[in-house]
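Trainee: Structure for the following, please:
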Amino acid sequence: MEQPKKTLVIVESPTKAQTIGKFLPKNYTVIASKGHIRDLPEKSMGIEPGTYQPEYEIVPGKQPLIKELKSELAKSDELLLATDEDREGEAISWHLLQVLKPKVPYRRMVFHEITRPAILSALDHGRPLDGNLVRAQEARRVVDRLYGYTLSPLICTKLAQKKLSAGRVQSVGLKLTVDRERERIQFETNTYFDALAHLLSAGGQPYDARLVRVGDQNLASSKDFDSVTGAYKGKKSLRLDEEGAKQLVERLRQATYQVVDIQKKPFSSSPYAPFTTSTLQQEGIRKLHMSASQVMATAQILYENGFITYMRTDSISLSKEGTQAARGQVEELYGASFLSPSPRVFKTHTAGAQEAHEAIRPVTPFRRPEETGLSGRELALYGMIWKRTLASQMANAQKATTTVSIKADDALFCASGTQVVFPGYLKVYVEDIDDPNAARDDQQTLLPSLEVGETERLAGLAEESHQTRPRPRYTEASLVKEMEDRGIGRPSTYATIIKTLLDRSYVEKQSGALAPTFVGYGVCQYLEDSFGKFIDYDFTKHMEEGLDQIATASEDELTFLRSFFEGADGLEAFIKAAKPVPGKDSRKLRLPQISEENPICLGPYGCFVTKQTEGEDKPEYISIPSEWMPGTVTDQMVKDLLSKGKETKTASQNEEIGDGITLRSGKFGPYWSRDQKNASVPSWASEEERHDPAFASKYLSLPRVLGQDSQGQEVFATVGKFGPYVGCNHQFRNLNRKDHDQELFTITLEQALSLLAEEKKPFVRGKKRPASARATSTASAASPIATIGLFEGNPVTIAHGRYGYYVKCGGENYALPNQYKRDEATAKSVPLDEVIAIIEKKRQKDKS
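Mentor: Okay, the predicted model is just below:
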């Protein structure tokens with residue numbers, strides 16, 4: 001009997017290897033490459049001039065893995081490269097071939113879901129390596145390296161800042177946020193008036209109608225103002241001021257209100273297409289309050305563990321298998337009336353759509369969320385994907401709008417309502433929206449039964465003022481959508497781009513929106529001045545199209561790279577023109593609202609303004625407050641700061657707060673000082689606590705001596721560089737940082753000894769000590785009493801501890817406002833939106 005061929009299968013991740021290994025026969029060995037085994041060098045350009053050949057090197061630490069792969073390959077009869085089916089996966093496979101140099105036959109093994117049928121089918125349908133995809137990925141890496149490694153040092157020098165960076169797509173994403181901020185700064189706020197009537201129908205049912213017309217003129221509304229500039233453009237409309245609106249309202253109080261017209265219009269709305277990478281990120285951010293990075297990381301986990309199809313895709317189409325599974329589950333759960341009459345087919349219209357060939361959906365057979373055994377973010381994201389996929393095959397939602405016109409003297413009022421007649425797909429899934437003032441697709445506004453000719457009773461009438469508002473700042477979700485709509489970058493890179501903007505402090509999150517900082521504004525301004533072509537939206541889009549053409553062999557890689565870097569219009573010429581010497585002009589921020597006489601400047605130690613005092617040779621440099629932002633600072637704020645000068649600032653930095661304690665400001669932040677002893681002010685401390693002598697004394701009295709251990713060694717609790725801890729005889733254990741250092745001041749000798757007796761956990765960057773490791777801590781003893789919703793896929797619960805009611809979410813504790821601490825019923829009544837605001841505020845405070 002012939003022995004089966006021994007086959008080596010290489011994938012990227014250990015999780016994927018473990019899942020696939022369960023479906024393969026015993027003669028298959030699955031090993032994970034753990035990403036790329038070969039890449040460009042970290043500390044140098046790694047691109048050969050002229051030829052643009054990358055100078056690849058083995059990724060540090062991968063030599064033992066390569067040795068293992070070569071050893072296993074030597075014992076194998078065949079090699080299957082089962083890396084992801086996108087360009088990055090194709091490149092990983094190519095690098096493996098370049099390093100391993102297999103002498104046995106090899107093929108690409110491709111699949112877009114990790115299930116037994118899909119994996120076994122892929123064994124019989126291998127294909128050759130796609131060199132065009134490899135060249136497209138390599139061209140992208142070379143372009144990004146040329147852009148980043150040449151511009152980043154120049155920006156650091158020009159702006160006198162360390163650790164700044166530029167990126168081909170990253171810098172364009174930054175420009176979007178800065179352009180929106182400039183638009184908001186220059187926005188012309190206008191006020192207009194109308195009136196709202198509270199009416200009672202003939203049957204006594206209340207409803208509201210808004211004034212829309214007086215005489216032969218329509219009243220000015222938001223549509224009569226430019227959405228970008230705020231300028232009034234409604235020349236033919238009637239724009240009421242406050243006095244005119246009051247006089248009109250007074251006159252109309254005596255009028256008779258009669259229904260003169262009723263228009264009813266039925267309409268239907270179709271379900272949303274299944275998820276692509278971009279739309280998954282957008283909805284994950286909106287619905288689950290995750291970041292784009294968290295959405296993609298969670299989706300990767302779901303894919304590698306066999307719950308969803310491949311998550312990097314531009315396609316909105318479903319396979320026949322996926323369509324049948326979705327329709328079968330809709331009929332089973334909701335009945336045939338909720339199915340679309342025939343299977344829906346979605347066609348991708350995104351320019352340059354690439355990557356996988358199917359939308360993101362659950363793997364077949366579909367499992368209901370409660371059947372998966374998932375929890376937390378994974379469960380929340382899977383549930384959203386499952387619902388969206390089912391909804392895509394459901395019947396249209398049937399709706400009807402009713403518009404009622406009411407005449408009062410020469411004025412016309414209008415009332416409108418929307419009714420969902422048949423929910424269809426809305427029963428399962430409703431897409432969230434960024435605009436808080438816009439109506440969701442399932443929102444209803446019902447009017448009472450009315451008839452033409454009936455006279456209504458006026459219950460109330462009042463003028464209402466409205467202010468035009470600038471377009472909102474981008475959120476992560478709306479920035480992802482904007483970049484995709486403009487054809488900037490690839491959806492699979494958006495999460496990394498936004499994370500870089502946040503990590504570099506180019507933007508900050510404010511109430512969920514991305515607000516550019518002074519540093520981000522300065523970087524964008526310099527790139528616009530010196531490299532405007534390379535952060536132009538259309539140029540970036542055309543670059544992306546060129547990379548797509550390389551992937552289809554329509555564009556030559558070397559020609560593409562030379563046109564980008566060489567010649568009079570190439571990046572190299574622009575870099576030579578921008579002399580790499582410090583220039584103060586490039587550090588002056590041209591903020592539209594700040595006068596040229598008092599510009600805000602970037603410096604190596606932060607942002608500042610200069611004050612030239614008469615009789616002084618050198619100007620005075622005054623740092624601007626850290627909380628100032630480009631979008632909120634005003635010229636008057638700068639003038640007030642200049643008028644105070646350093647003297648006022650110095651006086652405020654050494655403030656006596658009582659009991660001989662001085663509140664000072666130092667290089668590393670505020671601190672208390674008394675009798676030559678100092679203590680840092682906790683980042684979370686309120687202004688009241690900072691100025692409270694009793695509160696400051698607790699930290700100035702540290703360390704707390706708790707007693708002695710059995711050997712007579714002193715046991716103490718104090719605060720160090722990495723937070724609160726207990727120590728004894730050169731042994732240390734971290735304390736809980738939650739609840740504002742409460743454990744630091746409440747832990748007993750017995751609890752400290754118990755904690756010190758635990759085995760010391762090895763430090764893993766980014767990983768927190770689990771709550772179970774702090775079982776003796778009073779902070780971890782409280783149990784939840786109610787769950788009020790989800791945030792970032794984690795349950796938001798109310799708990800009760802020694803110090804009253806508080807919020808728990810994602811392993812962290814958050815203090816409730818005093819009005820919600822009185823009793824259990826009051827604590828449970830706290831709105832989820834308010835809790836989310838508390839969480840984001842504390843995170844921002846901890847970060848600063």
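
Trainee: which other helices and strands contact the strand or helix carrying residue 478?
Mentor: For residue 478, the element it lies in under DSSP states H and E is helix 476-486. Applying 3 or more C-beta pairs under 8 Å, 6 or more residues apart in numbering; DSSP states H and E, one finds that helix 476-486 contacts helix 170-185, helix 277-288, helix 491-503, helix 537-551. (Each C-beta comes from the backbone N, C-alpha and C, glycine too.)

Trainee: Identify the residues contacting the last one?
Mentor: To tie it back to what came earlier, the one meant is helix 537-551. By C-beta atoms under 8 Å, 6 or more residues apart in numbering, the surrounding residues in contact with helix 537-551 are 87, 132-133, 135-136, 139-140, 143, 168-169, 172, 175, 351-352, 354, 486-490, 533, 555-557, 560, 564.

Trainee: closest to residue 633 out of the helices and strands packed on helix 476-486?
Mentor: Closest to residue 633 of those is helix 170-185 (C-beta to C-beta; 9.4 Å).

Trainee: List of residues touching the closest one?
Mentor: Outside helix 170-185, the residues that touch it by C-beta under 8 Å, 6+ apart are 228, 470-471, 473-474, 479, 482-483, 488-489, 497-498, 500-501, 506-507, 514-516, 520-521, 523-525, 527-528, 534-535, 537, 540, 591-593, 630-631.

Trainee: can you rerun that using 6 Å?
Mentor: 228, 470, 474, 482, 488, 497, 500-501, 506-507, 514, 516, 520-521, 524, 527, 535, 540, 592-593, 630-631 (C-beta atoms under 6 Å, 6 or more residues apart in numbering).

Trainee: before we move on, the earlier item: among the helices and strands packed on helix 476-486, which comes closest to residue 384?
Mentor: Closest to residue 384 of the helices and strands packed on helix 476-486, according to C-beta to C-beta: helix 277-288, at 6.2 Å.

Trainee: helices or strands up against that closest one?
Mentor: For helix 277-288, the elements it packs on are helix 292-304, helix 476-486, helix 491-503, judged by 3 or more C-beta pairs under 6 Å, 6 or more residues apart in numbering; DSSP states H and E.

Trainee: Return the alpha-carbon coordinates of the first one using CSV.
Mentor: Backbone C-alpha positions of helix 292-304 (Å, rounded to 0.1, in the frame of the first residue of the first chain) are rendered in CSV as follows:
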residue,chain,number,x,y,z
ALA,A,292,-10.6,50.8,14.1
SER,A,293,-7.6,48.8,15.4
GLN,A,294,-9.7,46.9,17.9
VAL,A,295,-12.3,46.1,15.2
MET,A,296,-9.6,44.6,12.9
ALA,A,297,-7.8,42.8,15.7
THR,A,298,-11.1,41.2,16.9
ALA,A,299,-12.1,40.3,13.3
GLN,A,300,-8.7,38.6,12.9
ILE,A,301,-9.4,36.5,16.0
LEU,A,302,-12.8,35.5,14.6
TYR,A,303,-11.4,34.6,11.2
GLU,A,304,-8.5,32.5,12.5
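
Trainee: ok now it, how far from the chain's centre?
Mentor: 14 Å (C-alpha atoms, centre = their mean, to the nearest Å).

Trainee: helices or strands up against it?
Mentor: helix 277-288, helix 376-391, helix 491-503.

Trainee: Could you do the last one as well?
Mentor: Using 3+ C-beta pairs under 6 Å, 6+ apart, the elements in contact with helix 491-503 are helix 170-185, helix 277-288, helix 292-304, helix 476-486.

Trainee: who's in contact with the nearest residue to residue 506 once chain neighbours are set aside?
Mentor: Closest residue to residue 506 apart from its sequence neighbours, by C-beta to C-beta, 6 or more residues apart in numbering: residue 520 at 3.3 Å. With contacts defined as C-beta under 6 Å, 6+ apart, the neighbours of residue 520 are 174, 506-507.

Trainee: The stretch 501-650 of the chain: helices as residue ranges?
Mentor: Along the stretch 501-650 of the chain, the stretches classed as helices by DSSP state H, counting those that start in this stretch are 518-531, 537-551, 557-565, 571-577, 584-587, 635-653.

Trainee: Looking at those helices, which is nearest to residue 269?
Mentor: Here helix 537-551 is closest among these (C-beta to C-beta), at 30.6 Å.

Trainee: quick one, the closest one and helix 476-486 angle?
Mentor: 70 degrees (axes from the mean of the first three to the mean of the last three C-alpha atoms, to 10 degrees).

Trainee: between helix 537-551 and helix 557-565, how many degrees?
Mentor: 170 degrees.

Trainee: State the mean pLDDT of helix 537-551.
Mentor: For helix 537-551, mean pLDDT is 92.

Trainee: longest single helix anywhere in this protein?
Mentor: When the chain is scanned for its longest helix (criterion: DSSP state H), the result is helix 131-159.

Trainee: and residue 43, how many neighbours?
Mentor: Neighbours of residue 43 under the rule other C-beta atoms under 10 Å: 5.

Trainee: Flag the shaky bits of the stretch 501-650 of the chain, pLDDT-wise.
Mentor: Applying pLDDT under 70 to the stretch 501-650 of the chain flags residues 579-584, 613-617, 645-650.

Trainee: cutoff 50 now
Mentor: For the stretch 501-650 of the chain, applying pLDDT under 50 flags the ranges 581, 647-650.

Trainee: what's the following helix or strand after the worst-scoring helix or strand of the chain on mean pLDDT?
Mentor: Least confident helix or strand of the chain, by mean pLDDT, DSSP states H and E, is helix 635-653 with a mean of 68. For helix 635-653, the following helix or strand on the C-terminal side (DSSP H and E) is strand 654-658.

Trainee: quick revisit: using a markdown table, lay out the helices and strands packed on helix 491-503 together with mean pLDDT.
Mentor: Formatted as a markdown table, these follow (pLDDT from 0 to 100):
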| stretch | mean pLDDT |
| --- | --- |
| helix 170-185 | 95 |
| helix 277-288 | 92 |
| helix 292-304 | 91 |
| helix 476-486 | 92 |
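
Trainee: For residue 359, find the nearest of those helices.
Mentor: Checking the helices and strands packed on helix 491-503 against residue 359 by C-beta to C-beta gives helix 277-288 as the closest, at 9.1 Å.

Trainee: Show me what that closest one is in contact with.
Mentor: By C-beta under 6 Å, 6+ apart, helix 277-288 touches 290, 292, 295, 312-313, 360, 380, 432, 476-477, 480-481, 484, 491-492, 793.

Trainee: Nearest to residue 68 among the residues you listed?
Mentor: The shortest approach to residue 68 among these belongs to residue 312, at 27.6 Å (C-beta to C-beta).

Trainee: which element follows the helix or strand hosting residue 71 toward the C-terminus?
Mentor: Taking DSSP H and E as the definition, one finds residue 71 inside helix 63-74. Counting by DSSP H and E, the next helix or strand C-terminal to helix 63-74 is strand 78-81.

Trainee: Show me what that following strand is packed up against.
Mentor: strand 7-11, strand 106-108.

Trainee: which one of those strands is the most hemmed in?
Mentor: strand 7-11 (a mean of 24; mean count of other C-beta atoms under 10 Å).

Trainee: Name the strands paired with that one and say parallel or antiparallel.
Mentor: Using DSSP bridges, the strands paired with strand 7-11 are strand 28-32 (parallel), strand 78-81 (parallel).

Trainee: tell me the angle it makes with helix 292-304.
Mentor: Calculated by the same axes, to 10 degrees, strand 7-11 forms an angle of 160 degrees with helix 292-304.

Trainee: tell me which residues of the following helix or strand past strand 7-11 are tucked away?
Mentor: Where DSSP H and E defines the elements, the next helix or strand beyond strand 7-11 is helix 14-21. The neighbour-count check on helix 14-21 (16 or more other C-beta atoms under 10 Å) flags 15-17, 19-20 as buried.
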